[in-house]
Each structure stands twice: as C-alpha cells, then as structure tokens.
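>>> A structural model of the following input is requested.
(4 chains)
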Amino acid sequence: MRIVVQSAPFDFGAEAQGFASGHKDMGAIVTFTGVVRDLEGDTLDRMVIEHYPGMTEKALEKIATEAMSRWGLGDALVIHRFGELRPGDMIMMVATAAPHRVDAFDAAEYLMDYLKSRAPFWKQEFTSDGGAWVAAKDEDEDALKRW
Amino acid sequence: MRIVVQSAPFDFGAEAQGFASGHKDMGAIVTFTGVVRDLEGDTLDRMVIEHYPGMTEKALEKIATEAMSRWGLGDALVIHRFGELRPGDMIMMVATAAPHRVDAFDAAEYLMDYLKSRAPFWKQEFTSDGGAWVAAKDEDEDALKRW
Amino acid sequence: MTITVLYFAWVRERIGLPKETVETTAATVMDLVEELRAREERYAMAFSDLSALRVAVDQDLTEFDATLDGVREVAFFPPMTGG
Amino acid sequence: MTITVLYFAWVRERIGLPKETVETTAATVMDLVEELRAREERYAMAFSDLSALRVAVDQDLTEFDATLDGVREVAFFPPMTGG
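Presented below is the predicted three-dimensional model:
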C-alpha cells in the first residue's frame, strides 16, 4: 500500500506499470485517473487544489487500509496532487490489485467515492472571471451509502 | 477506439499513459489489466490462449462500439493477447475515458463482462499433469444480465 | 453447398482437426450437427451435449436453430473464457 | 486551554487567515464556534450556516457536538471535493 500527496506531476504510465508488475497471485489490476476538465461553456484557466497537510495523508491511509482488508487486496495505491493544475493535467490516480476483477473494480470505486468526499481537498476553478470554489455534489455524498 | 489482438506482450505503462494523455474533456480514465495467476495448490507452468482470428476482432469491435455509445465515451481501448503466457504475464487490458467517473467505471466493467463470455478466446492451463481447458463460470454468464 | 466448418478448444481436440470443408444440404446449424454426428464416433462425442457448445455463423454468435442460407463459415466451440 | 484552529477553502477566505491559536474554555466544538461567532462579523459570517461546514478534531472528521477535552487542533472547512 502506498499513499502519495504531492504538488508535482506524477508519471501515470510508470506508476501504472510499476503497480501492475510482479503480481503472480493477483489476476486483476484496476486504475482510475482523474484529469482536469475544461469547463462547459467557459474556458478554465487553471484549477488550484488546497488540502490539509497531515490530515490528508491520515484520511487517505484510513480509506486505503479499509479497502485493502474489505476486498482482500494484494496492493493499493493512491496518488493525489495539490496546488495549481491546468486542463488536461492529471489530478490523481488510484490503483487496486485483487485476485478477481469484481473485487478490483469495487475497491477502486470505493477508494474514489471516499476520496471525493472524505479526504480534505478543495478545488478552486479560475476563469477570466476569477476564482470559484467547486461545490460538493449531493450525488457524491449519496455514493457513499452503497458501501 | 482501438482494438488490438496479438501474441506479443504489450507495454501496459506506455499504453495507459498514451490512452490517458491529452483528454481535456474527459475527466475520468479507467484501466483494467488481467494477469496470469498461479494456480491454488498447484504450479502453473504456462497458459495457452486460443482464439478465432477474424471473429475475435469483430466481436471486440462490437463490444467496444456498444460501450462507446452507451456511456458517451471519449475513447476506448482493448488489447488481448493469445498464445503462450506465464504466471505474472499480462493477458489483456481495457481502458475507458469518460467525462465522469461512474461512466468510465461502468463502461470498463461492461467491456470486461462481455469480453469474458462473448469474445472467442479459450484458455488452457498447463501444469506438470498436462493441459486442462479452463471452464466458463456461471457467474461470468450471470454478470451479463445487469447490462 | 460448401461450408467451411471450424472447431476450437476441446471441440477441435475431440474431432482432431481445426477446420474442414463440408459439402452439405443442411438447412440449419442443427441439421449440420446431425450430419456431422452421423459421420464418425469422434463427431458424435464432440456433439454429444449441445448445451456445452456454442456456435457462430459467419463469425457471429447464434443459436443451433439458425439457418445456413447463404452461410459460408460455421464454427463450433465451448463457452468462451476471455479476459 | 490552547487550541490551534485551522480554516480551509472559503472558510479561510472569509475569516482571512489560515490558522490561529485560540485560548478557550469551550467544552465542545459548538461552544468554540459560539465563541468565534461572538468575536467579529467575519467569523459570524463564516459560521452562519453550519450545515455548509465540516469539522475535524485532531485531524479526524467529527460532529459539532464533539468534545474538546484533550484536543489540540480543530479545523473548519466546506464539504470536501477531492478526486
């Protein structure tokens, strides 16, 4: 299990390859990557992600540890960036390794659902009109109920 | 959309990176990778995958095209190997790019569920006792019912 | 008419060849199966339990009651195990 | 007792600082909120709608009725938007 919180970009290809390699007892590897999207109807200049150093790592470890034990994962990876990002930049990734595909998928979705609403990150979007905090969505909070 | 059927290994890191790069309107990228597992209680010497050239490509294209339109994907990738593989080798991968995470996950699971039971591949496992065809699982056929 | 018939996985092993050309007047896949079964024991064995078999006609999965009208290629195989 | 209070995102912007040290006798988070609200208009504004706020005590998410007994760090922020 590995948790990384950093402002620097990460190398998705290398991380994915490194995570997936050398598992002879895990038949299923799932990755999810979040990318900064351009806004609909407006141009996103940049996204700035604020976080709570200390609590962020603690919250991510708790979420990943729960996923590891709940789905019997062989491994789990969470990388999340903070600071300034541009459209097309990768914000974060998670990866899960499990014996079977259903568990690898479920665990990755669980990580994402909890990471969305329980890890202390806040996104601010900047356009030519200035900055606006991204509002949490009810559907993201609702997504936790299925677990 | 890209469909690849080959006996050669593929470079998962490079494929994942290439697939995920340059999407400014797709916020969510999911990959699934299948790895040859060692057997429980016995040692797998090798797995040999047979396929139906011609039909394989046609079936994968049909499955991926359906996923593209059903979840409004920006892109989809399917790579599947045939021939001889060893424990730890990557058998196949799928990747999906969608505006939102739920669609990217659902589309990847759909691809996997259909690929398991509707693409003409057959696995044979070889141990010191010789070869045995892997039997299709009822649960894999049942998995199609949710779509 | 002339149809190419393909066999995969253990169906191929039981029949002992991957592919053959068949001259037939069969109207449906099922008629073709009956013709093949009547040929030799190894065919009868391979086709003994149709619930364990799948069939594709011109590279599309179909059912055993499918017509062979205009068909050029028929393939028999066990349930697929991809992924 | 002395507690470090942190503010994030628009809570930080409204109050105008990311962090401060507070001398308090508050027994619960809610007591602390009342003390802060009474200070100045900017605090009253930041804490006007608690349903729009979340609170963490010593870096664990909790509720507004949580005790401050033994607590060293309290953080206020809007619902999180990670991922």
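>>> from chain B, how far out is residue A:43?
Shown here: residue A:43 relative to chain B, a distance of 11 Å by Cβ to the nearest Cβ, to the nearest Å. (C-beta placed from N, C-alpha, C; glycine too.)
>>> give me the pLDDT value at the spatially closest residue to that residue that is not a sequence neighbour.
With sequence-adjacent residues excluded and distances taken as Cβ to Cβ, 6 or more residues apart in numbering or on different chains, residue A:43 is closest to residue A:127, at 6.2 Å. On the pLDDT scale, residue A:127 is placed at 95.
>>> who's in contact with residue A:127?
Residues near residue A:127 by Cβ atoms under 8 Å, 6 or more residues apart in numbering or on different chains: A:39, A:42-45.
>>> can you pull out the strands in chain A?
A:2-6, A:28-35, A:46-51, A:75-81, A:83-85, A:90-98, A:121-127, A:130-133 (DSSP state E).
>>> hmm, who's touching the fourth one?
Translated: strand A:75-81. Contacts of strand A:75-81 (Cβ under 8 Å, 6+ apart): A:1-10, A:15, A:19, A:23, A:26, A:49, A:51, A:56, A:60, A:63-64, A:67-68, A:89-97, A:107, A:111, A:115, A:119, A:121, D:82.
>>> just the buried members of these?
When these are checked for burial by 16 or more other Cβ atoms under 10 Å in any protein chain shown, the buried set is A:3-5, A:10, A:15, A:19, A:23, A:26, A:49, A:51, A:56, A:60, A:63-64, A:67-68, A:90-97, A:107, A:111, A:115, A:119, A:121, D:82.
>>> for residue 22, give me the pLDDT.
Picking chain A for this. pLDDT recorded at residue A:22 is 75.
>>> ah, no, chain C please
Here, the pLDDT recorded for residue C:22 equals 98.
>>> if it is in a bridge, with which residues?
residue C:3 (DSSP bridges).
>>> what does chain A have sitting close to chain D?
In this structure, chain A approaches chain D at residues A:34, A:50, A:52, A:54-55, A:58-59, A:80, A:91-92, A:112, A:115-124, A:133-136, A:141, judged by Cβ under 8 Å from any Cβ of the partner chain.
>>> which parts of the longest helix anywhere in chain C are buried?
The residue-count maximum for a helix in chain C (DSSP state H) belongs to helix C:29-39. Judged by neighbour count using 16+ other Cβ under 10 Å, the buried positions of helix C:29-39 are C:29-33, C:36.
>>> same list, those residues, but as TSV with distance to chain B and pLDDT please.
What follows is the buried residues of helix C:29-39, written out as TSV (distance: Cβ to the nearest Cβ, whole Å; pLDDT from 0 to 100):
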residue	distance to chain B	pLDDT
C:29	15	98
C:30	21	98
C:31	22	98
C:32	18	98
C:33	18	98
C:36	18	98
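>>> nearest to residue D:21, of those residues?
Nearest to residue D:21 among these is residue C:29, at 81.5 Å by Cβ to Cβ.
>>> wait, doesn't that closest one sit right on residue C:64?
Yes: counting by Cβ atoms under 8 Å, residue C:29 does reach residue C:64; the two are 4.9 Å apart.
>>> need the overlap of contacts for the two.
Shared contacts of residue C:29 and residue C:64, defined by Cβ under 8 Å, 6+ apart, comprise residue C:55.
>>> how about the residues of chain A by chain B?
Taking Cβ under 8 Å from any Cβ as the contact definition, chain A meets chain B at A:11-14, A:16-18, A:20-38, A:87-88, A:90, A:99, A:101, A:104-105, A:108-109, A:112.
>>> and for chain C?
For chain C, the residues in contact with chain B under the definition Cβ under 8 Å from any Cβ are C:6, C:8-10, C:12, C:56, C:59-61, C:75, C:77-83.
>>> burial count for the closest residue to residue A:46 other than its chain neighbours?
Counting by Cβ to Cβ, 6+ apart, the nearest residue to residue A:46 once its immediate chain neighbours are dropped is residue A:126, at 5.0 Å. Under the neighbour criterion other Cβ atoms under 10 Å in any protein chain shown, residue A:126 is assigned a count of 14.
>>> tell me the contacts of residue A:126?
Taking Cβ under 8 Å, 6+ apart as the definition, contacts of residue A:126 comprise A:44-48, A:132.
>>> roughly how far does the closest residue to chain D within chain C sit from residue A:127?
Of the residues in chain C, the one nearest chain D is residue C:83, at a distance of 27.3 Å by Cβ to the nearest Cβ. Taking Cβ to Cβ, to the nearest Å as the measure, residue C:83 falls 43 Å from residue A:127.
>>> can you check residue A:96 too?
For residue A:96, the distance to residue A:127 under the criterion Cβ to Cβ works out to 35 Å.
>>> any idea which helix is longest in chain A?
Longest helix in chain A, counting by DSSP H: helix A:101-118.
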